[in-house]
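Student: The amino acid sequence is not available; the structure is as follows:
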Ligand SMILES: O=C(O)CCC(=O)C(=O)O
Ligand SMILES: [Fe+2]
């Protein structure tokens with residue numbers, strides 16, 4: 001099994017982010033990309049930014065254990081039950097992450113014009129020092145991190161088809177992350193962030 005110790009921390013301080021670029025084999029990743037594209041209840045949801053309702057620049061879905069509701073921008077969402085593909089992915093990453101996840105936010109980036117703005121996954125419902133397991137399939141996209149206080153501290157990695165990124169420790173307190181728009185990418189990308197709602 002892959003272990004965290006074989007992978008260096010991508011952050012210079014104040015957090016812990018490890019990347020496993022080829023966590024799932026290419027054929028397995030193709031199969032999972034297909035299953036997730038077809039069998040997830042993808043929706044484009046509105047969000048409120050500075051008092052105005054706008055559509056999110058990507059499709060999303062929320063899956064998890066029964067009873068683990070999730071509140072996001074004032075809206076409480078009930079999770080859909082795990083699909084086979086999600087259960088399979090969860091079972092592969094949990095031994096490496098060293099935790100058992102109970103929910104997942106899924107994002108579908110239709111092309112390079114879809115994105116995720118700078119944010120921290122530091123909601124109260126995730127508890128202190130949350131462990132977040134992020135799995136990606138499809139188009140390779142940049143994943144960026146920037147320190148909350150020291151604006152010159154930045155990190156960027158490419159999240160490829162079948163990669164696994166683990167964020168833990170003080171990362172969500174001290175670092176923002178996001179997925180910028182990218183010109184010329186026409187292929188979709190799916191990302192799943194597995195979480196623990198406490
Ligand atoms: O798409 C990604 O790689 C990032 C997703 C993310 O940050 C999130 O779901 O909170
Ligand atoms: Fe995030």
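Tutor: The structure has been received and is ready for your questions. Source: prediction; values computed, not measured. Ligands and ions are numbered 1, 2, ... in the order given.
Student: going forward, measure contacts and count neighbours with C-alpha atoms only.
Tutor: Noted.
Student: near ligand 1, which residues of the chain show up?
Tutor: Contacts of the chain with ligand 1, taken as C-alpha under 6 Å from any ligand atom, map to 105, 143, 178, 179, 191, 193.
Student: Of these, which pair is most distant in space?
Tutor: Distances among the residues of the chain next to ligand 1 were taken as C-alpha to C-alpha; the most separated pair is 105 and 143, at 16.4 Å.
Student: could the residues of the chain next to ligand 1 be laid out in TSV, adding neighbour count, secondary structure and pLDDT?
Tutor: Shown next, in TSV, are the residues of the chain next to ligand 1 (neighbours: other C-alpha atoms under 10 Å; DSSP: H, G, I helix; E, B strand; the rest coil; pLDDT from 0 to 100):
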residue	neighbour count	secondary structure	pLDDT
105	17	strand	95
143	16	strand	98
178	17	strand	98
179	21	strand	98
191	24	strand	98
193	21	strand	98
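Student: List just the nearest of those to residue 119.
Tutor: Nearest to residue 119 out of those is residue 178 (C-alpha to C-alpha; 6.5 Å).
Student: Please look at the closest one and residue 118 and confirm they touch.
Tutor: Yes. Using C-alpha atoms under 8 Å, residue 178 is in contact with residue 118, at 4.6 Å.
Student: Make a markdown table from the residues of the chain next to ligand 1 and add distance to residue 25 to it.
Tutor: Listed next are the residues of the chain next to ligand 1 as a markdown table, based on distance: C-alpha to C-alpha, whole Å:
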| residue | distance to residue 25 |
| --- | --- |
| 105 | 23 |
| 143 | 21 |
| 178 | 25 |
| 179 | 23 |
| 191 | 16 |
| 193 | 19 |
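Student: quick one, helices of this protein?
Tutor: 26-39, 84-97, 171-174 (DSSP state H).
Student: Who are the packing partners of the first one?
Tutor: This means helix 26-39. Applying 3 or more C-alpha pairs under 8 Å, 6 or more residues apart in numbering; DSSP states H and E, we find helix 26-39 packed against helix 84-97, strand 132-138, strand 189-195.
Student: Between the ones you listed, which one is closest to residue 43.
Tutor: strand 189-195 (13.2 Å).
Student: what packs against the closest one?
Tutor: Using 3+ C-alpha pairs under 8 Å, 6+ apart: strand 189-195 touches helix 26-39, strand 103-109, strand 132-138.
Student: Compute the mean per-residue pLDDT across the longest one, please.
Tutor: If I follow you right, that is helix 26-39. What helix 26-39 shows for mean pLDDT is 98.
Student: distance between it and the chain's centre?
Tutor: Its chain's C-alpha centre and that of helix 26-39 lie 17 Å apart, by C-alpha atoms, centre = their mean, to the nearest Å.
Student: Tell me what angle it forms with helix 84-97.
Tutor: Calculated by axes from the mean of the first three to the mean of the last three C-alpha atoms, to 10 degrees, helix 26-39 forms an angle of 130 degrees with helix 84-97.
Student: which of the residues in helix 26-39 are buried?
Tutor: Across helix 26-39, burial judged by 16 or more other C-alpha atoms under 10 Å covers 29, 32, 33, 36.
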